[in-house]
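Engineer: Here is the input, now give the coordinates:
(one chain, ligands or ions: 1)
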Amino acid sequence: MTIYNLGSINIDHVYRVPHLPAPGETLSALNYTQGLGGKGANQSVAAARAGAHCLHIGAVGPASDWVLIALERYGVDLSYVAQLEVATGHAIINVDPGAENAIVIYPGANRALSPAMAAAALAGAAAGDTLLLQNETTAQAEAAALAASKGLRVIYSAAPFDISAVRAVLPHVSLLVMNEIEAEQLRSELGRLPDCDCVITRGARGAEWISANLEPLFVPAFAVTPVDTTGAGDTFIGTLAAGLDRGLDRAAAMRRASAASAIQVTRPGAAPAIPLATEVDEFLQSH
Ligand code: ATP
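Structural biologist: Next up, the predicted model:
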């Protein structure tokens, strides 16, 4: 089976600065690193590292070959990643010595995806496949409607939270995944959680699966010492999608997702910190 992931691909530019710049100030950074980012890319990496065939539906701009090479090395299928004339989505991340940050994101090519591009990628999709999507691209509602009409499982990570995007996608969703802040935002907008199955992640306090038809399922987080929790949610979602895709029941898929994200938070970075399926197997055997 295939996981089609309609998702963002970003370049993260991280500058260590002596302090966050004030209006009008010009500042020399102390250090600069560049890396692969974007919720979509992270989730594709997590699904691929968990062993799924993950076909990413997305776009980058000119001079971004290293991004594609990186994604390919993680095992992501890039057959439907377009190269457009608009800049690759990127984030300018300033980090001060106290780890406080100030971030500017330019969505670029991520917001140039058309429903036709998504439809072309989904042309070969069939019941049993999965569509995964977040809120950092365009064409989500159209892709979700098409996928649902073909009988795909539609897993929606409603982040960054945007109520109008959520309202448009929700009618087509099989499983909605949110962290607890997003779940609260949705509850306050709708007055309740939606009728579809929902997974709510609660950081070191674990994750729960809430369903109108099934018993509530709580999966604790594993006790680890985190060094960087960036991308924990994306690791959880990509691993969960991969587990369900290969036919695991929801308890087993949630446990693997919890293990993968526990390993991921013990390592620095987002995508490079995501473990392989074999590492998750070993972790589960020893826990
Ligand atoms: P982020 O925005 O940092 O990517 P998120 O807010 O989307 O994350 P969280 O709820 O923080 O998502 O984390 C997702 C899952 O990752 C949790 O349900 C848990 O299984 C695991 N996790 C996160 N933080 C920890 C931690 N400190 N220790 C163990 N597991 C963790």
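Engineer: Write out the residues of this protein neighbouring the ligand.
Structural biologist: Contact residues, the chain versus the ligand (C-beta under 6 Å from any ligand atom): 179, 201-204, 206-207, 221-222, 224, 226, 229-234, 236, 258, 261-262, 265. Yep, even glycine has a C-beta here, placed from its N, CA and C like the rest.
Engineer: Now the buried members of the residues you listed.
Structural biologist: Among these, those buried by neighbour count (16 or more other C-beta atoms under 10 Å) are 179, 201, 207, 221-222, 224, 229-234, 236, 258, 261-262, 265.
Engineer: Sitting in strands, which of those residues do you find?
Structural biologist: Judged by DSSP state E, these include 179, 201, 207 as members of strands.
Engineer: OK, contacts around the first one?
Structural biologist: What that stands for is N179. N179 sits next to 159, 200-203, 233 when contact means C-beta atoms under 8 Å, 6 or more residues apart in numbering.
Engineer: again, only using 7 Å
Structural biologist: Residues near N179 by C-beta atoms under 7 Å, 6 or more residues apart in numbering: 201, 233.
Engineer: what are the bridge partners for it, then?
Structural biologist: Assessed by DSSP bridges, N179 has beta-bridge partners T201.
Engineer: Likewise for the last one?
Structural biologist: The partner list for A207 in beta bridges (DSSP bridges) reads T201, V219.
Engineer: I'd say it and S258 touch.
Structural biologist: Yes: A207 is within contact range of S258, at 6.4 Å (criterion: C-beta atoms under 7 Å).
Engineer: Overlap of the contact sets of those two?
Structural biologist: Taking C-beta under 7 Å, 6+ apart as the contact rule, A207 and S258 both touch V219.
Engineer: Quick check on the spatially closest residue to H287 that is not a sequence neighbour: phi, psi?
Structural biologist: Closest residue to H287 apart from its sequence neighbours, by C-beta to C-beta, 6 or more residues apart in numbering: F222 at 5.8 Å. Dihedral pair for F222: phi -80, psi 140, per degrees, to the nearest 10.
Engineer: Tell me who's in contact with F222.
Structural biologist: Contacts for F222 (C-beta under 7 Å, 6+ apart) come out as 258-259, 262, 287.
Engineer: How confident was the prediction at G269?
Structural biologist: pLDDT for G269: 87.
Engineer: Look up how far the ligand lies from it.
Structural biologist: As for G269, its distance to the ligand is 12 Å (criterion: C-beta to the nearest ligand atom, to the nearest Å).
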